[in-house]
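S.K.: below are the sequence and a predicted model; questions follow.
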Amino acid sequence: MSASQPYLAIVNPAAGGGKCRKLLSAVLERLRVGGVAIDTIETQRAEDATRIAREAYASGRRKFIAVGGDGTSYEVVNGLFPEAGRDLGASKAADGDRPTLGFLPLGTGNSFLRDFSERGVEHAIESLIAGRRQPCDVLRLRHREGVIHYINLLSVGFAADVATLRTRRFSSRGELGYVISIFLALARLHRRAFPVRVNGEKDFDRRRCLFLTFSNSKFTGGTMMIAPKAEVNSGMIEYVRWGPIGRLGLIKTLPRLYDGTHIEHPLAERKAVKRVQFDLDAPVDVMVDGEVLTLHCEQLDVLPGALDVVA
């Protein structure tokens, strides 16, 4: 990959309720003054970022910036790792031609970057100017209809229920919509089984639970530290399970989701794993890197060090 190749900034101008469009020019000017060469292209609709990244990668581009929120980053990652059944990222890592991804969180947030700094866009700008890069694992989920890739977190159960409510009913209400969704999910509080088997163990775990998460990095929802022991380049999936806690118990311990101490709860479990198999009867709602999808999950694994991130 040529060091002189400019970054391709894939911009979601509607991110953050249009905040991204307003802030973009000043941020790009700071980067260019700092010596960062950038080309830009804007998305027009959902999944545009995936298409743009895929086409640019195929044409030889290797340096990208996701400009927007978590959803924009998720789409770009899926454009860089487009092929089911083929370890594209791993093969590129082997020959020193990994794609590089930077971030400009000008949307509603970027949970992934919190693993590196709480300073958001300021840290992102400094990292791009300084050229700070490090390898990052990419997690791959195979489902009944295909495959997706992500770098932050996939969750089923309570966390996905909250995200689904917010996305489908309260997306226009910002942070308030997130709070409303938490309390509605608490009122309904489904505790159910999501049968999984990790690292080829003999039996599937069919116990009811509050949620299961499969993380590459620590944070989700901006400030919730769901997987406090996750490391982005460990080569492992950080698996966190919280058992069927009651409504009152959850209300009392909900703040612990923000400092990571929930994993010390008697009903919580965590482990680092390489592979997860699912035995679901039907598709379920999942939250993956801020996006809400309904998928019939089958298997999850990790592509170690398949991506360079600027952070």
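M.R.: It's in.

S.K.: next, the distance between the ends of stretch 54-63.
M.R.: 12 Å (CA to CA, to the nearest Å).

S.K.: that stretch: which residues count as buried?
M.R.: 54, 56-57, 61-63 (16 or more other CB atoms under 10 Å). C-beta: built from backbone N, CA, C; applies to glycine.

S.K.: helices - which of the residues you listed land there?
M.R.: Among these, the ones falling in helices (DSSP state H) are 54, 56-57.

S.K.: reformat those residues as CSV; add pLDDT and distance to Lys274.
M.R.: Compiled in CSV, these are given as follows (pLDDT from 0 to 100; distance: CB to CB, whole Å):
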residue, pLDDT, distance to Lys274
Arg54, 95, 27
Ala56, 95, 31
Tyr57, 94, 26
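
S.K.: can you give me the helices for this structure?
M.R.: In the chain, helices defined by DSSP H lie at 19-33, 48-58, 70-80, 88-94, 120-130, 158-169, 174-188, 247-253, listed in chain order.

S.K.: just so I know, which of those lies nearest Lys229?
M.R.: Evaluated over the helices of the chain, closeness to Lys229 peaks at helix 158-169, with 17.1 Å, by CB to CB.

S.K.: so what's the gap between the closest one and the chain middle?
M.R.: Centroid separation for helix 158-169 versus its chain: 15 Å, with CA atoms, centre = their mean, to the nearest Å.

S.K.: what are the buried residues along that helix?
M.R.: Applying 16+ other CB under 10 Å to helix 158-169 flags 158-167 as buried.

S.K.: quick revisit: turn the ones in helices among the buried residues of stretch 54-63 into TSV, columns for distance to Leu257.
M.R.: Output for those, formatted as TSV (distance: CB to CB, whole Å):
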residue	distance to Leu257
Arg54	35
Ala56	37
Tyr57	36
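
S.K.: tell me where the model's unsure across this protein.
M.R.: Applying pLDDT under 70 to the chain picks out residues 1-3, 82-96.

S.K.: is it correct that Arg191 is in contact with Trp242?
M.R.: No: contact criterion CB atoms under 8 Å: Arg191 and Trp242 do not qualify, at 9.6 Å.

S.K.: which neighbours do the two share?
M.R.: The contact sets of Arg191 and Trp242 overlap at 209-210 (CB atoms under 8 Å, 6 or more residues apart in numbering).

S.K.: these two: which has the busier surroundings?
M.R.: Taking other CB atoms under 10 Å, Arg191 and Trp242 do not tie; Trp242 has more neighbours (25 against 18).
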